[in-house]
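> Have a look at this prediction, sequence included:
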Amino acid sequence: MLYSLPQDLHFIDGPRIASFQALEKMSETSTQSQTKKLDTAKGADAYNPSNLKTYDTLVFGVVSPYGWNCSAEKLISFFNRNIARAAEPYKSNPGGPPLTRILDIGVGTGYFPARAPLPKWTEYVLVDLNETCLDVTLPVIERAHPEVGTNATKVVGDFLAQGDDSKSLFAKGNGLPEGGFDAISLMFLLHCLPGPPARKAEALGRMGRLLRPGGVVFGATILGKGVSRNPLARLVLWLNNYLGVFDNHEDDAVGILVPLQKMFNEVRYEVVGCMLLFEASDPRCY
């Protein structure tokens, strides 16, 4: 079950926090003295045609259920519910935009969209810094959803990039219109990004500019702090951070959710094992 974030809330896996301000103070403290230089490509470059062949089996068949204690079925259900939510308005509003527009950032292998109930009126945009992931995922979607495949496109982009960076999601000519998407997916992305959790949440907030009214930003990320870990989880967490695939030792639910609530009027979350599942909608003025 996903929980909303009111001004008074229950801290995940811990005691009640008296107020949102107290929780906010905890978040500020957790990000002090973290000035790590951004190197988004380091995590993205870890994926190649060879290891992507075994990725789904290893991650969703072994590590996620037995290490992170979050089953593939749980993640698929979460993803599918948000896709169905994005498509719902167009079932009853034939006079609206002709296509449900989904933006998928950090596409991996296409594991989730291949199992999603994508209606035939879907436009699916794939974004990743790693072109190999894009090249692997696009055919997966075309095979799983032939009627959607003709409306599936890929964009090389950097989720954290800003300003005049040509790989920014807001750069001119990348085909990502502001106010253009019904759902933005960030499944298994944040834990691969550099920087403290507040910086990742700030980038999440910018996604509000890309949402249509009623749209949702959603995702799942592995937490490095504030959750219990079994031996397998500790090993995989250490190894991936050591190799530079992950950068999430400082990522906790507080550090992500508190900044996110400043940027969206509605934030919902659930912690499942070591995994944070989140949804954010109704962006504040950015």
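All right, it came through fine.
> So for this structure, which residue is the most central one in space?
By C-alpha atoms, centre = their mean, the mean C-alpha position of the chain lies nearest to residue 186, the distance being 1.9 Å.
> Now that residue. Nearest residue, chain neighbours left out?
residue 219 (3.3 Å; C-beta to C-beta, 6 or more residues apart in numbering). To be clear about C-beta, it is placed using only N, CA and C from the backbone, and glycine gets the same treatment.
> again, but for residue 80
In space, and not counting its chain neighbours, residue 80 is closest to residue 116: 5.2 Å by C-beta to C-beta, 6+ apart.
> and whichever strand or helix holds residue 217, which strands flank it?
In this structure, residue 217 sits in strand 211-222 according to DSSP states H and E. Within its sheet, strand 211-222 is paired with strand 181-187 (parallel), strand 275-283 (antiparallel), according to DSSP bridges.
> The stretch 1-150 of the chain: strands as residue ranges?
Using DSSP state E, counting those that start in this stretch, the strands found in the stretch 1-150 of the chain span residues 3-4, 9-10, 16-17, 100-105, 122-128.
> Lowest mean pLDDT across those strands, which one is that?
With a mean of 30, strand 16-17 has the lowest mean pLDDT of the strands of the stretch 1-150 of the chain.
> before we move on, back to that, after the strand holding residue 217, heading C-terminal, what element do we hit next?
helix 231-243.
> per-residue pLDDT, the residue nearest to residue 80?
Model confidence at residue 116, given as pLDDT, is 97.
> residues contacting it?
76, 79, 80, 83 (C-beta atoms under 8 Å, 6 or more residues apart in numbering).
> let's go with 10 Å and repeat that
Residue 116 sits next to 76, 79-84, 87, 102, 104, 110, 122, 124, 141, 144-145, 148, 185 when contact means C-beta atoms under 10 Å, 6 or more residues apart in numbering.
> So which of these belong to helices?
In this view, these that belong to helices under DSSP state H are 76, 79, 80, 81, 82, 83, 84, 87, 141, 144, 148.
> Retrieve the pLDDT associated with the fifth one.
Among the per-residue scores, residue 82 holds a pLDDT of 98.
> The closest residue to it other than its chain neighbours pairs with what?
Distance criterion C-beta to C-beta, 6+ apart; nearest residue to residue 82, sequence neighbours excluded, is residue 218 at 4.6 Å. Beta bridges link residue 218 to residue 185, residue 279, judged by DSSP bridges.
> my guess is residue 218 meets residue 83, correct?
Yes - counting by C-beta atoms under 10 Å, residue 218 does reach residue 83; the two are 9.4 Å apart.
> Residue 191 falls within a strand, correct?
No - secondary structure of residue 191 (DSSP: H, G, I helix; E, B strand; the rest coil): helix, not part of a strand.
> could you give me the average pLDDT of stretch 236-243?
Here the average pLDDT along stretch 236-243 is 96.
> Residue 121 versus residue 203, what's the distance?
Residue 203 is 29 Å from residue 121, where distance means C-beta to C-beta, to the nearest Å.
> of the two, who's got more company?
The residue with more neighbours, out of residue 203 and residue 121, is residue 203; 21 against 16, by other C-beta atoms under 10 Å.
> check contacts around the more buried one.
40, 105, 158-162, 169, 186, 189-190, 193, 195 are the contacts of residue 203 under C-beta under 10 Å, 6+ apart.
> Residue 201 now?
Going by C-beta under 10 Å, 6+ apart, residue 201 touches 27, 31, 190, 251, 255-263, 278, 280.
> which element is it on?
Applying DSSP H and E, one finds residue 201 within helix 197-206.
> can you tell me the average pLDDT over that helix?
Helix 197-206 comes out at a mean pLDDT of 94.
> just stretch 253-267 next, same as before
96.
> Dump it to PDB, keeping only the CA atoms.
This file holds the C-alpha atoms of stretch 253-267, laid out as PDB (Å, rounded to 0.1, in the frame of the first residue of the first chain):
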ATOM      1  CA  ALA A 253      13.800   7.700   2.200                       C
ATOM      2  CA  VAL A 254      13.800  11.000   4.100                       C
ATOM      3  CA  GLY A 255      16.400  12.600   1.800                       C
ATOM      4  CA  ILE A 256      14.300  11.800  -1.200                       C
ATOM      5  CA  LEU A 257      10.800  12.300   0.000                       C
ATOM      6  CA  VAL A 258      11.200  15.600   1.800                       C
ATOM      7  CA  PRO A 259      12.600  17.600  -1.100                       C
ATOM      8  CA  LEU A 260      10.100  15.900  -3.400                       C
ATOM      9  CA  GLN A 261       7.200  17.100  -1.300                       C
ATOM     10  CA  LYS A 262       8.400  20.700  -1.700                       C
ATOM     11  CA  MET A 263       8.000  20.300  -5.500                       C
ATOM     12  CA  PHE A 264       4.800  18.300  -5.700                       C
ATOM     13  CA  ASN A 265       1.500  18.700  -4.000                       C
ATOM     14  CA  GLU A 266       0.900  15.000  -3.800                       C
ATOM     15  CA  VAL A 267       3.600  12.500  -2.900                       C
END
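> Cool, thanks, talk later.
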